[in-house]
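Visitor: just the structure for this:
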Amino acid sequence: MTFVFLGLFILLLTLVVIGSLRKPNKLIKLSIHILGGVVGLWMINLLLSVFNLEVPINVFTICLVALLGFPGVVVLTVLQLIGI
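Guide: You can find the predicted model right below:
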């Protein structure tokens, strides 16, 4: 599973570089937004594992993060820390 997210992170970096070198179209902006949220969720899970906490990665959380991007990751993290 880590290799999947690592591949998504590399894809995200590639899209950011492409978007910064030329004017990005709507598809590249949307892809950066979605991948940023999904990779952010993975990174937050890595950081929270130190404290023995975890945001579950399932269809619901992936859809929420894909829709909201990194703010969705923050919302899920706060909800997990509160205990909801």
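
Visitor: give me the contact list for the helix ranked longest in the chain.
Guide: As assigned by DSSP state H, the longest helix anywhere in the chain is helix 26-48. Here helix 26-48 makes contact (CB atoms under 8 Å, 6 or more residues apart in numbering) with 5, 8-9, 11-12, 15-16, 18-19, 24, 54-55, 57, 61-62, 65-66, 68-70, 72-73, 76-77, 80. In short, each C-beta sits where N, CA and C put it, glycine included.

Visitor: and the closest residue to Leu76 other than its chain neighbours, how close does it get to Ile28?
Guide: Spatially, and ignoring its direct neighbours in sequence, Leu76 is nearest to Val55 (5.1 Å; CB to CB, 6 or more residues apart in numbering). Distance of Val55 to Ile28, computed by CB to CB, to the nearest Å: 27 Å.

Visitor: can you read off the pLDDT for Met1?
Guide: Looking at Met1, its pLDDT is 69.

Visitor: gap between Ile44 and Ile57?
Guide: 10 Å.

Visitor: neighbour count: those two, which is higher?
Guide: Ile44 (20 against 16; other CB atoms under 10 Å).

Visitor: do you know the pLDDT at the more buried one?
Guide: On the pLDDT scale, Ile44 gets 86.

Visitor: against Val74, how distant is it?
Guide: In this view, Ile44 and Val74 are 8 Å apart by CB to CB.

Visitor: could I have the CA atoms of stretch 40-50 written out in CSV?
Guide: C-alpha atoms of stretch 40-50 as CSV (Å, rounded to 0.1, in the frame of the first residue of the first chain):
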residue,chain,number,x,y,z
GLY,A,40,-2.0,14.3,2.4
LEU,A,41,-4.2,11.7,4.0
TRP,A,42,-1.5,9.2,3.7
MET,A,43,1.1,11.6,5.2
ILE,A,44,-1.2,12.5,8.1
ASN,A,45,-1.6,8.7,8.8
LEU,A,46,2.1,8.3,8.9
LEU,A,47,2.5,11.2,11.3
LEU,A,48,-0.4,10.0,13.5
SER,A,49,1.0,6.5,13.7
VAL,A,50,3.6,7.8,16.1
